[in-house]
Structure formats: C-alpha cells, structure tokens
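**Student:** sequence and predicted model, in that order:
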Amino acid sequence: MNSSYRQATRVLHGTQSHRGKSEPVAMPIYQSSTYLFPDTDAMEDCIVRGIRNQHEYVRFGNPTQDRLNERLALLEGAEEALVFSSGMAAITTAILSAVSPGDEILAPHTLYGQTLNFLRKGLPEEYGIRPRFVSLEDLSDLERHVTPETKLVYLESPTNPNLMVVDLARVADQAKGLGIRTMIDNTFATPINQQPIDLGIDIVVHSATKYLGGHSDLLAGVVAGSEDFLKRCHERMHMYGPTLDPFAAFLLLRSLMTLEVRVMRQNANAMALAEFLKAHSGVSRVHYPGLADDPFHETAKKQMRGFGGMVTMVIDGDFEDAKRMVNHLDLCLNATSLGGVETLVSIPVISSHAWQTPEELALARVTPEMIRFSVGLEAVEDIIADADQALHEAMH
C-alpha cells in the first residue's frame, strides 16, 4: 500500500494492497482454540524449536489478533504492538518486561489508581522492584531524581483525572541521555491526539477498553514499542496467559475503523463543555488543556493534535454537592470507565482513585469535589443542558 497514506487511511486498510485479491472486507473471527499441523515435524519445529511460521494455540495468537496488532502498531507509529485481555494486563506485563528485581521505577504521584497500587504494593512486595514518586514538575529535571538503580520512567499525559500534561520530548530526551527507558499510558490522549513514540518515548500502553474500543462493550489492553521489547512482552503473555479473546479482538478491530471520527467529535464536544463549565458560577475550576488559560495549554498545543474528550470540573462546594450533581444528571451516565460513545461521569475519589489514602490523594492533587466527564458523541447542546440542570439542582 502507498506509504504516503495518512494514519486514518492506513488503520482502515493496513499496509498491504488488496488489488486483484478476493477476500472478505471485514476480518473474520477465528474462534478456534487450536490449529492443525500438517505433520509432526512441523509441530516439533514450531513448539520445540520455536520456528513459529503458523498458528498453534490461541494463547500464542491467531489471525484476528495478528491483524489487530498490525493496525495498532500503525496507529502508534511503533515497530510492533500486542493486545492483552485488559489494560492492567498490558501495563503490568510491560512494566515487568522493562525492569528486574532490584531496579527502580521513577513515576509521578498522579496516575490511575490501580497503576499506583501496582507500583506501591505489587512491585516492591512481590518482585523487589522499588517505585520512586516525584511531582509532575520534577520530570522536567530527571537527573536530580534518578539513581543508578532507576531503569524506567513511567507516566501518563494527560494525567488521570486532573489532565496535567507532561513535556514528553523533554522527558524522553533526558531519559535517553541517562540510559533509562520511558513508558507512557496514552489512554486519555489516544494515538489520534498524541503519538508519544514520535516524541521519543520508548513504550506506549493503553487500556483499549476505553477510546480504542469506544463502545463500552469490551475489555482489552495494548503495548506498543520496539520489536525487541514486544518479544519480551510476548514471552510473558505465553507464560501468564493474559490473551485477548478472538471475539474481543474482532470488536476492537472494528472499533479502530471509526476511532478518528469518534475522537475528533469528542475533542470538539469536550472543548465546548469545558468552556461552558468554566463560565458557570457553580464551578470553581475546570481542568482541560484545550482552554487557553489552562496551565498546561502551551505544552499540550506543542505535542497534541487535539486536546481529548476528558474534562474534569471542581464544583464550588463540597463532596456532598459533587454527589448531588452527579445524582441529578439525566443524559450523562454515572459510571466508571471512559472513552465510549456515551458521556460517562464519575467522582474520582470513589471510582478511579478509591483505593488511595487521603495523603496519596493530596500528592496526586485529586480532591473530593472533582467530577470527571468522559464526553461522548451526543449533541453537545444536550450534554451542556444536562450539566447545567444538574449543577442547578446541586447548588439549590
């Protein structure tokens, strides 16, 4: 296929020309757990000698997953990509493939709650890998905060849930100079809005349950990076078994076909909602990097093509006021997760960050008055009207 085709075209068609071929337009679901070998010599070559020139068992991959991995690598501009059974399966496998016992991971305090749990508890207690937490601002001066044991910088941008933005090129450049790998959770931005590998980041992970899946009907994760690194991830997948089911792979491949148009609409809807909330008397602050006066706007403008579909507001009240507002929403749905076609709303301290102590929440700059919107594809006038009436009910 013409290599000059743009991202949206290549993710629809892949890299191979279909001219002169008779084949299904939609990739079939290969719903088989195992595959035939032509003879025992072929089985011995594949299983014993590792010459995997055919499929053998679904935990090691199948044609539907292969097509999906190819398209995800194209989206992120990576050498390879690999799908997993969940976002946390992808994150934990990628981290364990990047570090070893005795190593240290440098990370900001502001991350998804379960990722923080894995870094704070799972890694040191079970693997002898230590996290070192710093403020987001400290990532701009890595040399002052790394030690000889630091082997990985892990981050999100924009962050969950307060949408702070990290200068990825600066972090990547410093880390390369220090011989340290970098890894980013790119779930909030999506590869449509941000391509970290182009900015020098080594490894990208996603909860594909969110924007990549986009319809609130599947659970999946992704790791994208170099061929060598993905080989290590694949080996762990074979061992631990967090393989994506073929039907979920089919659903995710289908969803990628509309990813760009969905994200562009969500970007526009989120900007309109953020501007409305910023002007509302019942809102004390809005976190959205697309706003011109947002402290992270210039950095976001430099490295993102769009500002994303997530908007976090701080109600001008307390936790009870925040709960009242969410309870009075009608169109917007009170649910965990994000990135779907419908607008979802949650209070981070009782959802994504429910496992954090008050001290940890303070370090992450997450407060009880925060309400997080994952803006969907509804008419933005309806989303705004729903937020307006819910705010009115909460404050009166």
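**Tutor:** Happy to help now that I have it.

**Student:** quick one, strands of the stretch 1-150 of the chain?
**Tutor:** Taking DSSP state E, counting those that start in this stretch as the criterion, the stretch 1-150 of the chain carries its strands at 80-84, 104-108, 130-134, 150-156.

**Student:** so how far is stretch 347-366 from its chain's centroid?
**Tutor:** 19 Å (Cα atoms, centre = their mean, to the nearest Å).

**Student:** what residues does it touch?
**Tutor:** 109-114, 116-117, 133, 160-162, 164, 312, 319, 322-323, 326, 336, 346, 367-368, 370-372 (Cβ atoms under 8 Å, 6 or more residues apart in numbering). C-beta here means a position set from N, CA and C on the backbone, and glycine is covered the same way.

**Student:** for the most centrally placed residue in the chain, what are its contacts?
**Tutor:** With distances taken as Cα atoms, centre = their mean, T187 lies nearest the centre of the chain, 1.9 Å away. Applying Cβ under 8 Å, 6+ apart, we find T187 in contact with 87, 156, 160, 205-207, 210-211, 339.

**Student:** now those residues in CSV, with secondary structure?
**Tutor:** Listed next are these as CSV, based on DSSP: H, G, I helix; E, B strand; the rest coil:
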residue, secondary structure
G87, helix
E156, strand
N160, coil
V205, strand
H206, strand
S207, strand
K210, coil
Y211, coil
G339, coil
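
**Student:** scan the residues you listed and report the most crowded one.
**Tutor:** When neighbours are counted by other Cβ atoms under 10 Å, H206 leads these with 32 neighbours.

**Student:** what residues are bridge-paired with it?
**Tutor:** Going by DSSP bridges, H206 is paired in beta bridges with V222.

**Student:** state the pLDDT value of it.
**Tutor:** With respect to pLDDT, H206 has a value of 98.

**Student:** what residues are up against it?
**Tutor:** So H206 contacts 87, 90, 185-187, 212, 221-222, 224 (Cβ under 8 Å, 6+ apart).

**Student:** nearest to E137, of the residues you listed?
**Tutor:** D185 (18.9 Å; Cβ to Cβ).

**Student:** would you check that the closest one makes contact with P158?
**Tutor:** No: applying Cβ atoms under 8 Å, one finds D185 not in contact with P158, separated by 10.1 Å.

**Student:** who's more crowded, those two?
**Tutor:** P158 (27 against 24).

**Student:** residues touching the closest residue to that one other than its chain neighbours, list them.
**Tutor:** Leaving out its chain neighbours, the residue that sits closest to P158 by Cβ to Cβ, 6 or more residues apart in numbering is F188, at 4.9 Å. Going by Cβ under 8 Å, 6+ apart, F188 touches 156-160, 163, 308, 310, 338.

**Student:** and if we set it to 7 Å?
**Tutor:** The neighbours of F188, taking Cβ atoms under 7 Å, 6 or more residues apart in numbering as the test, are 156, 158, 160, 308, 310.

**Student:** again, but for L152
**Tutor:** Applying Cβ under 7 Å, 6+ apart to L152 gives the contacts 98-99, 105, 180-181, 183.

**Student:** partner residues bridging it?
**Tutor:** I105, R181.

**Student:** okay, it: pLDDT?
**Tutor:** So, for L152, pLDDT stands at 98.

**Student:** may I have the phi/psi pair for the residue lying closest to I197 once chain neighbours are set aside?
**Tutor:** With Cβ to Cβ, 6+ apart as the criterion, I197 has its nearest non-adjacent residue at 4.9 Å, and that residue is G77. When read as degrees, to the nearest 10, the backbone of G77 gives phi 70, psi 30.

**Student:** ok so, going back, gap between the residue nearest to P158 and H206?
**Tutor:** Between F188 and H206 the computed distance is 10 Å (Cβ to Cβ, to the nearest Å).

**Student:** buried ones only from the contacts of stretch 347-366, please, as a PyMOL command.
**Tutor:** PyMOL command restricting the contacts of stretch 347-366 to the buried ones, with burial defined by 16 or more other Cβ atoms under 10 Å:
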select buried, resi 109+110+111+112+113+114+116+117+133+160+161+162+164+312+322+323+326+346+367+368+370+371+372
